[in-house]
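J.: Return a 3D structure for these sequence lines:
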Amino acid sequence: MTKQNLEFNKNEDVNKQLWDLVQSKLNKIAKGGGEKSASKQKAKGKLLARERIEYLRDTDSEWIEIGAFAGYEQYEEYGGCPAGGVVAGIGYVAGKQCVIVANDATVKAGAWFPVTGKKNLRAQEIAMENRLPIIYLVDSAGVFLPMQDEIFADKEHFGRMFRNNAKMSAMGITQIAAVMGSCVAGGAYLPIMSDEALIVEGNGSIFLAGSYLVKAAIGESIDNETLGGATTQTEISGVIDDKFKDDPTCLDRIKFIMDKLGDFEKSGIDRKEPKSPTLKPDEIFGILPMDRAKPYKTIEIIKRLVDSSEFEQYKEDYGKTIICGYARIDGYAVGVVANNREIVKNAKGEMQFGGVIYSDSADKAARFIMNCNQKKIPLVFLQDVTGFMVGSRSEHGGIIKDGAKMVMAMSNCTVPKFTVIMGNSYGAGNYAMCGKAYDPRLIVAWPSAKIAVMGGDQAANTLLQIEKSRLNSKGEPISEAEEKELLDRIKGRYENGTKPEFAASRLWVDAIINPLETRKWISMGIEAADHSPIEKFNPGILQT
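T.: Numbering: from 1, shown residues only. Next up, the predicted model:
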């Protein structure tokens, strides 16, 4: 076996193990609050949140789950919050692509943690950006009171969801809500601000205040069913449109409604017959180095993601540390902007480090982004970036100006943007390559991703120097052995914060995905984006 083949096999083993580890975590997350809690829900005749979604979705249709890692390793003092206590994603109901959001009542009775609110808002954002119908399967005890100060009153807190309900209504986006369990207090506005509101008899209830609070507030004694059960809210108040005997019949009505929806105005994104890559996609595992600092040929990754492995480069011989070019993914026309991880030579014969953005690369990327906007071609950013080039030569050459031009072009995009973090995503490189702050329609990470202000070694040494200075100022110098121990501890803590699970837990990325599912995510994302007309792009000062 050649050295090259041996390295390929080692990379393949490590990268596949990384995905296996992610998959095992996802399997655990999918169990929600655990078997005991699930059994209690089943005893009430309920389907669990994931079962409801599975029943609702078209048989054998595609599904991409948003925010499965939300809340991962957070809220441990409260017993955790798997998947943020809510399951969300993009799927198909009656042949229509839509967003589905289902409270998981096995997790603290579906109560809202801070990350629950953030995840719900992300699902609504996806529906609003892409003008997709959204279905809410409501089963929640309301705000998690021990953390009410982190979920209640701020701009991006619980109340923002009802504001979005109103905005989506004005935009003509269909919203369907099914009350399948508790729906209390402020949360009661969500189904009533939807276009269709349904309820399941026996389990569903909806009111601004439950029986205990009513007793405490006004002294009235009443049970929850009489107060706001299915019969009360459909026959007396008229708050809910219709009631159903169980979960399946309620979900069947949602399918019936979705089947009647009209078509959408399309954006005009070009699509041809989909074709698989001719090069084997699973070779990505062997091409991507297990050492995140090691160079590799990014073009080989691209060719295993695009249709027929055909990729036409833009300005191939200029700005070589960023690869730009045209291709198709699942038939859709795309413009690809990718960090080239090879060590290359520029026109002057100077060596340039792979994964670093230089002035010429930023200039090329900005111009390519503008071209894609003028042609209505969606952009796919493939990140493996350590940042912009630093030093006197770069500063004197105007790296800030060229970097700003790239950020400005990317920020002002009107075509849909999609971001895949394959490896490193550090500092301003994250920003320029369409990080979360720049509104990608979807942003995902591979298990090999690392997201931080800077790499672990640089950050750890910087933090070590700060700590040493602090200790020296107190007259407490440390020995060489203590310094090494401190460095290892700092590095370990910092490295943990760069892992994709850390980012996904906080919804900095929508999901950690198997690299082999990248095409599906981009395809479904572009299909969603095609429901929303593209505004005209005005490059303005970018042309100078």
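
J.: Let me know the secondary structure of Glu220.
T.: coil (DSSP: H, G, I helix; E, B strand; the rest coil).

J.: Just the local confidence number for it, please.
T.: At Glu220, the pLDDT value in this model is 84.

J.: Just to check, it is in contact with Val214?
T.: Yes: look at Glu220 against Val214 with CB atoms under 8 Å: they come within range, at 5.2 Å. Every residue, glycine included, has its C-beta placed from N, CA and C.

J.: Looking at the two, which one has more neighbours?
T.: The neighbour comparison of Glu220 against Val214 (other CB atoms under 10 Å) goes to Val214, with 17 against 10.

J.: surely the more buried one meets Ile222?
T.: Yes: look at Val214 against Ile222 with CB under 8 Å: they come within range, at 6.2 Å.

J.: quick one: the helices in the stretch 1-150 of the chain?
T.: Per DSSP state H, counting those that start in this stretch, the stretch 1-150 of the chain carries helices over the ranges 3-29, 35-43, 49-56, 114-130.

J.: TSV for these, including distance to Cys413?
T.: As requested, these are exported to TSV (distance: least, CB to CB, whole Å):
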stretch	distance to Cys413
helix 3-29	30
helix 35-43	43
helix 49-56	32
helix 114-130	12
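
J.: Rebuild those helices as TSV, extending it with mean pLDDT, mean neighbour count and distance to Phe264.
T.: Converted to TSV, those look like this (pLDDT from 0 to 100; neighbours: other CB atoms under 10 Å; distance: least, CB to CB, whole Å):
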stretch	mean pLDDT	mean neighbour count	distance to Phe264
helix 3-29	94	15	32
helix 35-43	96	14	35
helix 49-56	98	21	20
helix 114-130	97	22	9
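
J.: so which of these comes closest to Thr414?
T.: Checking the helices of the stretch 1-150 of the chain against Thr414 by CB to CB gives helix 114-130 as the closest, at 11.9 Å.

J.: need the contact list for the nearest residue to Glu196 once chain neighbours are set aside.
T.: Computed as CB to CB, 6 or more residues apart in numbering, the closest residue to Glu196 that is not its neighbour in sequence is Ile176, at 4.5 Å. Contacts here follow CB atoms under 8 Å, 6 or more residues apart in numbering; on that basis Ile176 touches 133-136, 194-196, 198, 254, 257-258.

J.: If we use 7 Å, what do you get?
T.: Counting by CB atoms under 7 Å, 6 or more residues apart in numbering, Ile176 makes contact with 135, 194-196, 254, 257.

J.: Phi and psi next, for Gly45.
T.: Here is the backbone geometry of Gly45 (degrees, to the nearest 10): phi 80, psi 20.

J.: next one: Ile512
T.: The phi and psi values for Ile512, taken as degrees, to the nearest 10, are phi -100, psi 120.

J.: what's the nearest residue to Thr232 if we skip its chain neighbours?
T.: In space, Thr232 is closest to Thr226, 6.4 Å off (CB to CB, 6+ apart).

J.: what about Ile323, which SS state?
T.: Secondary structure of Ile323, reduced to three states by three-state DSSP: strand.

J.: now for the helices of the stretch 1-150 of the chain, which one comes closest to Leu486?
T.: Among the helices of the stretch 1-150 of the chain, the nearest to Leu486 by CB to CB is helix 3-29 (28.3 Å).
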